[in-house]
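In: this one's structure only:
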Ligand SMILES: C[S@@+](CC[C@H](N)C(=O)[O-])C[C@H]1O[C@@H](n2cnc3c(N)ncnc32)[C@H](O)[C@@H]1O
């Protein structure tokens, strides 16, 4: 899958994208289990190579369409970064993100934060790169900086399906300013309002999204 930006939640998949380092400030309080070689951020970081036009697009909601604005709650107490100890889990010896409380269908879990970049400084080897703005080919890479959302695994080989999904929203960064971000939401209950989706995510369950087929197709033959 290539960059990428998305206008719909279905377009927001993790893909092999680029990354280049950038100076950014970290917040004082780190979530438990946060890796020491990764910078924890509470709002997006931007590549210096992004043009003023792109930066404007990333902080200006369209007046013609409905928008959702969220507030930061970092570090996120509704989730826990957890080592994967089960040998049957396909991400064994890595980490995953688990719910610390029952999460109802359609509720916000947390934003996926990272380094916003264009084609010029994408890292094709990244496993943490998500489409942020498809038309402008902007990705957000959480390889070297991000938040708890970077630990969310794909459902394949773990659960029957995803229990969460990516949605486009605006993050309130204070002073009346907002920034475009992709956020992770619990799946809606579905039309029937019955079955596993209607349960939401129970406390202690792993949060799982779909990275999209493209993510895995790009990695076929790796190793
Ligand atoms: C965005 S990271 C997810 C967090 C990662 N497990 C960690 O500890 O940093 C994506 C990487 O996690 C692993 N992963 C996630 N879901 C997986 C799955 N269903 N099967 C196998 N590996 C998975 C793969 O190595 C993938 O490249």
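Out: Arrived safely, thanks for sending. Predicted, not measured: the structure shown is a model, and the values here were computed from it.

In: CA only for contacts and neighbour counts going forward, please
Out: Will do.

In: Tell me the residues of this structure that contact the ligand?
Out: Within the chain, the residues that sit near the ligand (C-alpha under 6 Å from any ligand atom) are 90-91, 94-96, 127-128, 150-158.

In: let's see 5 Å
Out: For the chain, the residues in contact with the ligand (C-alpha under 5 Å from any ligand atom) are 90, 91, 94, 95, 127, 128, 151, 152, 153, 154, 155, 156.

In: which one of those has the most neighbours?
Out: Within these, most neighbours by other C-alpha atoms under 10 Å means residue 128, with 26 neighbours.

In: Tell me the pLDDT of it.
Out: For residue 128, the pLDDT comes out at 98.

In: Same check on the one 5 residues further on?
Out: In this prediction, residue 133 carries a pLDDT score of 96.

In: Columns secondary structure and distance to residue 74 on top of the residues of the chain next to the ligand, output as a markdown table?
Out: Listed next are the residues of the chain next to the ligand as a markdown table, based on DSSP: H, G, I helix; E, B strand; the rest coil; distance: C-alpha to C-alpha, whole Å:
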| residue | secondary structure | distance to residue 74 |
| --- | --- | --- |
| 90 | coil | 28 |
| 91 | coil | 25 |
| 94 | coil | 22 |
| 95 | strand | 19 |
| 127 | coil | 23 |
| 128 | coil | 19 |
| 151 | helix | 15 |
| 152 | coil | 16 |
| 153 | strand | 20 |
| 154 | strand | 23 |
| 155 | coil | 25 |
| 156 | coil | 28 |
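
In: From the centre of this protein, point out the most distant residue.
Out: Farthest-out residue of the chain from its mean C-alpha position, per C-alpha atoms, centre = their mean: residue 192, at 27.5 Å.

In: can I get the residues of the chain next to the ligand in TSV with distance to residue 171?
Out: Converted to TSV, those look like this (distance: C-alpha to C-alpha, whole Å):
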residue	distance to residue 171
90	32
91	30
94	29
95	26
127	24
128	20
151	20
152	20
153	23
154	24
155	26
156	29
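
In: now, among those residues, which is nearest to residue 163?
Out: Lowest distance from residue 163 to the residues of the chain next to the ligand (C-alpha to C-alpha) belongs to residue 155, with 8.2 Å.
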